[in-house]
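K.L.:
sequence first, predicted coordinates after that:
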Amino acid sequence: MTSLLVQSPSVPLTIHFPWITSMTVQEFYEFCLANRDLRIERNANGEVIIMPPAFSDTGNRNFNIAVQLGSWADQDGTGLGFDSSAGFTLPNGATRSPDASWIRLERWNTLTDDQKASFAPICPDFVIELRSSSDTLGSLQEKMQEYLSSGISLGWLIDRKNRQVYVYRPHQEVEILNNPETVKGDPELPGFGLQMAKIW
């Protein structure tokens, strides 16, 4: 049975439709265009996940993350930063929208203009996921493993509730930072440090 998964602030709600998992990339794109006010992702099984709008405090912290990453990306000049509204099609077919991400220019420039104007078929080099009150830690950890399998060089899962940052790198154990003041992106993002005072 196919399904449409709707996440509420408390309990995920699954609605069943017979056509959801058979949508092509173009049909999914059109589905998202027809529902512009919704935050939509799709997993590797084709299930469509509709997430609630971010609460105001989470939105502010997402903004602070994007500002810091964007400032570094402008100075560094080797890649492009993206906010939480950007969707990417991963190699496993999932369409994901990290809370913040960054892609090296040399990889981004291999895409066509049409690919860039859709859910670009590329996995970011760097992703950040910020846990909100509607997220379970387990579901975000699974998503981070999906990013790893898809080719990220570095990923951060920020768990505000427990003031921890999970650091993901290929072929390494997950590193857990407890209440850090700054999380550094070296060597993958030279010179980038996320100041956590406005994120906690």
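P.N.:
Looks like it came in fine. Quantities reported herein were computed from a predicted structural model and do not represent experimental measurements.

K.L.:
give me the contact list for stretch 188-198.
P.N.:
If you take Cβ atoms under 8 Å, 6 or more residues apart in numbering as the criterion, stretch 188-198 is touched by 61, 64-65, 68-69, 72, 75-76, 102, 125-126, 128, 153-154, 156, 165, 169, 180-186. For the C-beta atoms, the positions are set from N, CA and C on the backbone; glycine is no exception.

K.L.:
first-to-last residue distance for that stretch?
P.N.:
Using Cα to Cα, to the nearest Å, one end of stretch 188-198 lies 23 Å from the other.

K.L.:
list the buried residues for it?
P.N.:
For stretch 188-198, the buried set under the neighbour-count rule, 16 or more other Cβ atoms under 10 Å, comprises 188-189, 192, 194, 196.

K.L.:
kindly reformat those residues as TSV containing pLDDT, secondary structure and distance to residue 47.
P.N.:
Formatted as TSV, the entries for the buried residues of stretch 188-198 read as follows, by pLDDT from 0 to 100; DSSP: H, G, I helix; E, B strand; the rest coil; distance: Cβ to Cβ, whole Å:
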residue	pLDDT	secondary structure	distance to residue 47
188	97	coil	31
189	98	coil	32
192	98	coil	34
194	98	strand	31
196	98	coil	33
